[in-house]
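Asker: how does the following fold in three dimensions:
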Amino acid sequence: MYPGDSKGSVHGGGFGERSVPGNTGTLSPSVILLQAWPFFGMFMEKLLKEKIQPSIRLSSPYLKTFTFTKVHFGHTPLRITGLKVYTHEVDKRQVVMDLHISYDGDVDIDTEVKPPITAGVKSIRLQGILRVILEPLIGNAPLVGGVTMFFIRRPTLQINWTGLTNLLDTPGLSHLSEPAIMDIIASLMVLPNRMCIPFIDQVKVDQMRFPMPQGVVRVHLLEAQDLIAKDTYMMGLVKGMSDPYAVLRVGNIHFQSKTIKENLHPRWNEVYEFVVHEAPGQELEVDVFDKDTDKDDILGK
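Answerer: Sure thing, here's the model as predicted:
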């Protein structure tokens, strides 16, 4: 992506990609994942306890004793339902792949804050596009200097909690809600956040985690027309208006426009700028909502 103006989206279509089915034989990525899943579970346990746990403890004085008491990622590995390999518009010293993943796992994760307050996770459902970058390519083993992984867009995430009510009743955490917690977790998985694993000493984690952005996209939010009237009266017999606003998102960065009261043809005339980290790949997402006192209604996207 190069600096400039845009009134559309940033996406990866037409960049010389090759698509391969997720299950193409005995050596497909899904088969490899099945074999490697126990080791992935060991890696995630170490990551949660050594990286995530200290970060959570520092996030609030009420979480200073937060501890993962049990971490088990079950026996069901994630599935790769599609694979796209980019062959053009990428550095020749790297391999860039988009993995369409689906995970419905029987995880068993328990946490504890100031005993006896406990909470846990019994299952996770996750769907999204995971970008994997292998770089730099080198002429001797292990052939690749490191691997970087991240979600281009926020994945669809569902978590089956146990004891979440107890945790949210903790002083200092009552302002949180389950949707808010889900937003925090999902955001940690999306650009510009990256999981980086170097394979050789010459490759530094900081260089992998903070590469130079590929450009800036300027978005002009002008107007919308013929929106749906969500505010009705007399049990829906009388049509009303809507109070529309727009949410624009690229990766983990989002902006919200002003709300136009009682208008089905709103004019915003606002300008936003997004830093683009991955092109092809990242997209501009625009959702339009009706502002309400309880729950905002979606008007379109």
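Asker: the biggest strand by length in the chain: what's the following helix or strand?
Answerer: If you go by DSSP state E, the chain has its longest strand at strand 117-134. Note on strand 117-134: by DSSP states H and E, the next helix or strand toward the C-terminus is strand 146-151.
Asker: what's that next one in contact with?
Answerer: 128-136, 189-191, 193-200, 203, 208-209 (Cβ atoms under 8 Å, 6 or more residues apart in numbering). Every C-beta, even on glycine, is put in place using the N, C-alpha and C of the backbone.
Asker: equivalent analysis for stretch 200-211, please.
Answerer: 136, 138, 142, 145-146, 148, 194, 196, 198, 277.
Asker: tell me which two of those residues sit farthest apart.
Answerer: Farthest pair in the contacts of stretch 200-211 (Cβ to Cβ) is 142 and 277. Separation: 25.7 Å.
Asker: these two: which is more packed in?
Answerer: Between residue 142 and residue 277, counted using other Cβ atoms under 10 Å, residue 277 has the larger neighbour count: 22 against 9.
Asker: list the contacts of that one.
Answerer: Contacts of residue 277 (Cβ under 8 Å, 6+ apart): 191-192, 211, 213-214, 251.
Asker: if we go to 6 Å?
Answerer: Going by Cβ atoms under 6 Å, 6 or more residues apart in numbering, residue 277 touches 191-192, 213.
Asker: from those residues, which would you call buried?
Answerer: Among those, those buried by neighbour count (16 or more other Cβ atoms under 10 Å) are residue 191.
Asker: before we move on, the earlier item: partners of the longest strand of the chain in the sheet?
Answerer: Sheet pairing of strand 117-134 (DSSP bridges) gives strand 95-105 (antiparallel), strand 108-113 (antiparallel), strand 146-151 (antiparallel), strand 156-162 (antiparallel).
Asker: hmm, back to that, quick check, nearest of the contacts of residue 277 to residue 240?
Answerer: The closest of the contacts of residue 277, once distances to residue 240 are taken by Cβ to Cβ, is residue 191, at 39.1 Å.
Asker: share the number of residues neighbouring the nearest residue to that closest one once chain neighbours are set aside, please.
Answerer: Computed as Cβ to Cβ, 6 or more residues apart in numbering, the closest residue to residue 191 that is not its neighbour in sequence is residue 251, at 3.9 Å. Residue crowding around residue 251 was assessed by other Cβ under 10 Å; the count is 26.
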